[in-house]
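Student: below: sequence and its predicted model.
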Amino acid sequence: MVREAFTSSTRRKFIKSAGVTGTVALAGCAGNGDNGDGSGSDGDSSGGDNTDGGSSGDTRSESYEITFWELFSGGEGPIMESIVNKFNEEQPLDTDAEVTINRQRTPWNEYYNKLFTALSGGQAPDMAVMHAAYLRAWDGGIDAMGTYTDTASIESDYTASHWDLVTVDGNVNALPMDMHPIGVYYNKDLFEQAGLDPESPPTNWSEFQQAGNAVAENTDAAAFTQSPYNDGFGSFRTWSTWVKQQGGNLYDDEWNPTFDNEAGTNIAQLFSDMTGDMGWAPATSEDTWGNNAFQNGTCAMAMNGTWYVAALSGVEDLNWGFFEPTVGPNKQQDKVWADGHSIVLPKKEGRSDAKSEIAAEVAHWMTTQNPSWGAEAGHLPAANSIYESDAFQNSPYYDKTLNKYVEMAENGDYFYHPKVPNGDPNAQNWYTWLVDIWAHNTDPQSGIQSGIETVSNGISE
């Protein structure tokens, strides 16, 4: 196989497309402590190097150490650690070589900076977790999976939607692990206090508005938080979901932001109204108010992703349920924000083709043979076989969240977080204007215009 070397010119092109070091990605499951305090389980703290990890040639009968970087914390960290331990103990690959995964976890707020620095300096790991939203901007720093494995022969192992998630301009840039969309978590006890049926959550805007008003009028609790952590990126997930439900677009074909359209302005105004005249929540920019309130039983509804189940599972006496977020006003279509974790092969000087092929096999095993990633972490697994497994069907989260996430997937409700060609689409500073609108630090129209300018600059830099 012919592997494109990560030459100086390739590296310069990657640095330009991926942005400058110092950009912090707060993505999906790893966002702003969604799974706890961010400490997680570090696993093996040893880092990657620029050697072939014990393999001196292309023989596949020697020993290989596959350096693997990931960013999972809280409830997800121990699950990923168990998957790596399972691999190292069982040696499941069809090869005479002994293959060991050397896992290194980096906290979410340092991970992409560290990976960027490693790639730029030619010191990348053999495998790495990457959110699908980065697969276009980071294209110059990763090897397409087709370089080292026959992607046509394994495509059927994955759902079509997950395969699309990791395909960029016809190239399969990664193997998909999961999809993590958002939904609405709600407090059944507060619903009952408000005079609502706790077993019949809202299914449309009229019912959602009725529920929020009932909580605001009949209890001392807040009705809704657009993001438990009141962060820019979390706010964007909710806002973009309802913008798309109204038929609005986020970007044009040339990656110019277009969300200053009618739908974008409508939902920005809704954010302002929720913390204003509607009285659903305080007009605050405090970063933890929503999570504290929801877990303490003083907020009735919270929009968040699949990963939130790991945080809520440890909260005693919290009687929570879940409903689909297709409840935006003036809805034209069912659309829900989604991103996903994937496994990539970063470009690494000195890594043999044999080791790269082994790494691709490891990535395939990790993404297809571990139902615990869905059953215990709460994500939508990428592998078709996992959906029918007993472990997934019997998950404690299946009836609470997973079956509804699966239903939305089957209905084609998800739209993917835009894979912009440059910059960091998960950066908090791209979306702080949404928090400013929520907190009444700016009016909706000014906030939208600030957002257009910020995102445009982020993509063009």
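Tutor: Nice, thanks for sending it over. Residues are numbered from 1 along each chain as shown.
Student: for the rest of this, base every contact and every neighbour count on C-alpha atoms.
Tutor: Will do.
Student: can you name the residues bridging to the nearest residue to His364 once chain neighbours are set aside?
Tutor: Spatially, and ignoring its direct neighbours in sequence, His364 is nearest to Leu175 (6.9 Å; CA to CA, 6 or more residues apart in numbering). Taking DSSP bridges as the rule, Leu175 bridges to Ile343.
Student: which ones are touching Leu175?
Tutor: Shown in contact with Leu175 (CA atoms under 8 Å, 6 or more residues apart in numbering): Met145, Trp163, Val166, Ser342, Ile343, Val344, Ala363, His364, Thr367.
Student: what count of nearby residues applies to the first one?
Tutor: As a burial measure, the neighbour count of Met145 was computed by other CA atoms under 10 Å and equals 21.
Student: start the count at 239 instead of 1 going forward.
Tutor: Okay, using 239 as the starting number, the last item reads as Met383.
Student: that one contacts Leu583, correct?
Tutor: Yes - using CA atoms under 8 Å, Met383 is in contact with Leu583, at 7.3 Å.
Student: assign Asp611 to helix, strand or coil.
Tutor: One thing to correct before we go on: residue 611 is Trp, not Asp. helix (DSSP: H, G, I helix; E, B strand; the rest coil).
Student: okay, and the common contacts of Met383 and Leu583?
Tutor: Shared contacts of Met383 and Leu583 (CA under 8 Å, 6+ apart): Ala412, Ala598.
Student: list the contacts of the strand or helix carrying Gln448.
Tutor: Applying DSSP states H and E as the criterion places Gln448 in helix 443-456. Residues outside helix 443-456 that contact it (CA under 8 Å, 6+ apart) are 428-429, 431-434, 440, 459-462, 516-518, 538, 565-569.
Student: in what helix or strand does Met539 lie?
Tutor: Assessed by DSSP H and E, Met539 sits inside strand 537-543.
Student: and Thr305, by the same measure?
Tutor: With DSSP H and E as the criterion, Thr305 is inside strand 301-308.
Student: neighbours around Arg589, how many?
Tutor: 18.
Student: oh sorry, the question was meant for Gln683
Tutor: Neighbours of Gln683 under the rule other CA under 10 Å: 16.
Student: now it: how far from Leu672?
Tutor: Look at Gln683 and Leu672: by CA to CA, to the nearest Å, they are 11 Å apart.
Student: where does this structure have its least confident helix or strand?
Tutor: Every helix and strand of the chain was ranked by mean pLDDT, DSSP states H and E. The lowest is helix 246-256, at a mean of 52.
Student: how near is Tyr302 to Arg589?
Tutor: Here the criterion is CA to CA. By it, Tyr302 lies 11 Å from Arg589.
Student: pretty sure Arg341 is in a strand, no?
Tutor: Yes - remark: Arg341 belongs to a strand, assigned using three-state DSSP.
Student: I figured it hits Ser320, correct?
Tutor: No - in this structure, Arg341 is not within contact of Ser320 by CA under 8 Å, at 11.0 Å.
Student: ok, these two, which is more surrounded?
Tutor: A count of neighbours by other CA under 10 Å puts Arg341 above the other of Arg341 and Ser320, at 26 against 14.
Student: not counting its neighbours along the chain, what's nearest that one?
Tutor: Excluding the flanking residues, the one nearest Arg341 by CA to CA, 6+ apart is Phe306, at 4.8 Å.
Student: who's in contact with that neighbour?
Tutor: Phe306 is in contact with Gly286, Ile339, Asn340, Arg341, Gln342, Pro363, Asp364, Met365, Ala366, counting by CA under 8 Å, 6+ apart.
Student: what about the second one, how many neighbours?
Tutor: Ile339 is surrounded by 20 other residues when neighbours are defined as other CA under 10 Å.
Student: distance of it from Pro436?
Tutor: 46 Å.
Student: the fifth one too?
Tutor: The gap separating Gln342 from Pro436 is 43 Å, by CA to CA.
Student: which neighbours do Gln683 and Leu672 have in common?
Tutor: Ala506.
Student: for stretch 307-323, buried residues please.
Tutor: Buried positions in stretch 307-323, judged by neighbour count with 16 or more other CA atoms under 10 Å: 307-319, 321-323.
Student: cool, stretch 361-373 as well?
Tutor: Under 16+ other CA under 10 Å, the buried positions of stretch 361-373 are 361-373.
Student: for those residues, which two are the farthest from each other?
Tutor: Spatial extent of the buried residues of stretch 361-373 (CA to CA) is set by the pair Gln361 and Ala371 at 22.9 Å.
Student: count the residues that sit near Asp577.
Tutor: Close neighbours of Asp577, defined as other CA under 10 Å, add up to 26.
Student: which pLDDT value belongs to it?
Tutor: Turning to Asp577, the model gives it a pLDDT of 96.
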